[in-house]
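[1] Take this sequence and fold it.
(one chain, ligands or ions: 1)
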Amino acid sequence: MKKVVKFGGSSLASAEQFKKAGDIIRADKERSFVVPSAPGKRNPDDTKVTDMLYACYALAGEDKDFKVQLQAIKDRYQEIIDGLGLDLSLDDEFKVIEKNFKDKAGDNYAASRGEYLNGIIMAAYLGFEFVDAAQVIRFTDEGEFDPETTNTLLRERLNGVDAAVIPGFYGAYENGTVKTFSRGGSDITGSIVARAVKANVYENWTDVSGFLIADPRIIYKPEGIDTITYKELRELSYMGAGVLHEDAIFPVRREGIPINIRNTNAPDDEGTWIVESTCQKPKYVITGIAGKKGFCSVNIDKDMMNSEIGFGRKVLQAFEENGISFEHVPSGIDTMTVFVHQDEFMHKEQQVVSGIHRLAEPDHIEIEGDLALIAVVGRGMKSTRGTAGRIFSALAHANVNVKMIDQGSSELNIIIGVANSDFETAIKAIYDIFVRIQI
Ligand code: ASP
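    Numbers count the residues shown, from 1 in each chain. Below you'll find the predicted structure:
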């Protein structure tokens, strides 16, 4: 039995945090593959090492002096090394980094050094083997992550290795040039390693005890989620629920490996289990609520639209031609509405409108901005009648005007469109009706 454990930046921000991670790893022999992030913030006003690296490299890119900035990064690592009492010097590593910065190795390379150096420290601290992610995580020439080549490389490299540290966040092209995932990408590395070693669980250690039913900035002390399915999580993270990088579920999902989100600062908390499927009944009908502001709706009317073959395709073609992706497309008999991101759409709205007129010849087009979408997600909805009814009566009581409703055919989620200004009120009303006032 093997466990892959990934530690986020705040879990490794200082020697003190490193010790907590070390204690967690040593408490369970199965925790044999470790994926570290770069040191994060030690306090709210602190700067993440990744951001320090980007800033430092920006100077190097403009041929400006970056010595002071690089020294500040070195100091952060030295503080950790000293605090752990390790006999380890990163001097040579920093000489290479300095040279590569001068040679304009690129900001991907620069940012990746955060995880790389933290991995070296972690490996020395634990006495585990260090495996450079550049050798085992592969990107295609087009810059896409290459899952199958990576899986083969990792499996070969880790064959016979009992315990290793593989830094998160980056990999490389075939020619060795380093490339990072998007921000927060160490979560993806953890998942890739878990797949390769066929782990029985992927533990993702962070600074919260798992997912919460709703955003704590909106709901005072919301309850936690103990078990959530991959599908539910996908819906929620797409709608903005943080904690885990949204691409991190794919590698483990293929192997049916559960993810356990845990809190480095409260290691006894069970955290949240993310699973493929479960017979465990959810505590509430809904598993979670999440949402995003900043959408626009484009409402297209045309008499007899329902009998015109190809109308929807022509409308969407106008969006495609302008490089705009859509979020939702609810439709009525003579109307069709397309929800898009306002910031993406704003600059191109008139081109899209004229494109729709040209391609689909509608009677009338109306645009409304400043909308929010809220996803109410729950595997429990399938077997419970009246969920939609409860949501809408709660919203009506809270005086929230519902602009759009869209229930996925999987009955896993209901998406509601409201004005940006009603966003928080709507989430509170939905949380209250399902979690606080259970019927
Ligand atoms: N250090 C990177 C970031 O700050 C990646 C990660 O932490 O997952 O985004």
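
[2] Just list what the helix or strand that C56 is a member of packs against, helices and strands only.
    Using DSSP states H and E, C56 falls within helix 49-61. Judged by 3 or more C-beta pairs under 8 Å, 6 or more residues apart in numbering; DSSP states H and E, helix 49-61 is in contact with helix 67-84, helix 91-102, helix 107-126. Where C-beta positions appear, they are placed from N, C-alpha and C, glycine not excepted.

[3] Counting neighbours, show which residues of the first one come out buried.
    Within helix 67-84, the residues that count as buried by 16 or more other C-beta atoms under 10 Å are Q69, L70, I73, K74, R76, Y77, Q78, I80, I81, L84.

[4] would you put the C-alpha positions of it in PDB?
    The C-alpha trace of helix 67-84 is given here as PDB (Å, rounded to 0.1, in the frame of the first residue of the first chain):
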ATOM      1  CA  LYS A  67      21.000  40.200  -7.100                       C
ATOM      2  CA  VAL A  68      19.000  41.600  -4.100                       C
ATOM      3  CA  GLN A  69      15.900  39.800  -5.200                       C
ATOM      4  CA  LEU A  70      17.700  36.400  -5.700                       C
ATOM      5  CA  GLN A  71      19.400  36.800  -2.300                       C
ATOM      6  CA  ALA A  72      16.000  37.300  -0.600                       C
ATOM      7  CA  ILE A  73      14.900  34.000  -2.200                       C
ATOM      8  CA  LYS A  74      18.100  32.300  -1.100                       C
ATOM      9  CA  ASP A  75      17.500  33.600   2.500                       C
ATOM     10  CA  ARG A  76      14.100  32.100   2.600                       C
ATOM     11  CA  TYR A  77      15.500  28.600   1.900                       C
ATOM     12  CA  GLN A  78      18.400  29.100   4.200                       C
ATOM     13  CA  GLU A  79      16.100  29.900   7.000                       C
ATOM     14  CA  ILE A  80      14.300  26.600   6.400                       C
ATOM     15  CA  ILE A  81      17.600  24.700   6.200                       C
ATOM     16  CA  ASP A  82      18.900  26.200   9.400                       C
ATOM     17  CA  GLY A  83      15.600  25.700  11.200                       C
ATOM     18  CA  LEU A  84      15.700  22.000  10.300                       C
END
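
[5] How about that helix and the ligand, touching?
    No. Shown here: helix 67-84 not in contact with the ligand (C-beta under 6 Å from any ligand atom), separated by at least 12.7 Å.

[6] hmm, who's touching that helix?
    For helix 67-84, contacts defined as C-beta atoms under 8 Å, 6 or more residues apart in numbering pick out 12, 14-16, 18-19, 39, 49, 52-53, 55-56, 59, 88, 90, 94, 97-98, 101, 117-118, 121, 125.
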